[in-house]
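Have a look at this prediction, sequence included:
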Amino acid sequence: MVLLDWSYYPSGLGIRRDEFSWQGSHQNDQHFFLRRDLNDLSLVTDVQVGSLGSDVSAELLSEFLWRTGGIVSKTLTFTNIAYRSNKPDVVASSFDSMVAVAKRALGLLDVSTENSYLRQDGTSWDAVIVLCSPEEPGSFKG
């Protein structure tokens, strides 16, 4: 697998692509990391906000989504946000945090959300964000 070099933008967001995914980083936080499936842009497989906090992370997630293909489907799924073996309060906290960051990021792209829910996937939980229908104001452009 060959990784391309990071391309950094004025916001500090770095983006690179490999055979399978788009990846995002931040030049001032080595613990911030994003990954989006190259073949299914509706899947965000990694979100680590590092020490940047939820507001900055939402802005960077928004830019990352925009620069790597935009919003192309009725759902956006954040995979592996918690393990099924985690206690319910841990799962709920992870879900609530992910949904809050995702909704803020989508709002910056003028995309409205309709619903969000947890989905079991093997040994982990995914957060699924359902976007508004195309005919609704602020809806996704897909």
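Yes, it's here. Since we're looking at a predicted model, the values are computed, not measured.

okay, now residue 126: neighbour count?
Neighbours of residue 126 under the rule other CB atoms under 10 Å: 21. The C-beta positions use only the backbone N, C-alpha and C, and glycine is treated the same way.

Buried residues in stretch 65-81, which are they?
For stretch 65-81, the neighbour count (16 or more other CB atoms under 10 Å) marks 65, 68, 71, 74, 75, 76, 77, 78, 79, 80, 81 as buried.

Stretch 25-40 now?
For stretch 25-40, by 16+ other CB under 10 Å, it's 25, 26, 29, 32, 33, 34, 35, 36, 38.

and for stretch 80-88, what are the contacting residues?
45-47, 90-91, 94-95, 98, 120-127 (CB atoms under 8 Å, 6 or more residues apart in numbering).

from these, which would you call buried?
If we count by 16+ other CB under 10 Å, the contacts of stretch 80-88 have these buried: 45, 47, 91, 94, 95, 98, 124, 125, 126, 127.

so residue 54, which of the three states?
helix (DSSP: H, G, I helix; E, B strand; the rest coil).

Would you quantify the distance from it to residue 104?
7 Å (CB to CB, to the nearest Å).

Go ahead and produce CSV holding the CA coordinates of the helix or strand where residue 77 lies.
Here residue 77, judged by DSSP states H and E, is contained in strand 75-83. Extracted C-alpha coordinates of strand 75-83, given in CSV (Å, rounded to 0.1, in the frame of the first residue of the first chain):
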residue,chain,number,x,y,z
THR,A,75,-27.1,8.5,5.2
LEU,A,76,-23.7,9.1,6.7
THR,A,77,-22.4,6.3,8.9
PHE,A,78,-19.6,6.6,11.5
THR,A,79,-18.4,3.1,12.1
ASN,A,80,-17.0,1.5,15.3
ILE,A,81,-17.9,4.4,17.7
ALA,A,82,-18.0,1.9,20.6
TYR,A,83,-17.7,-1.8,21.3
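
Sweet, I'm off.
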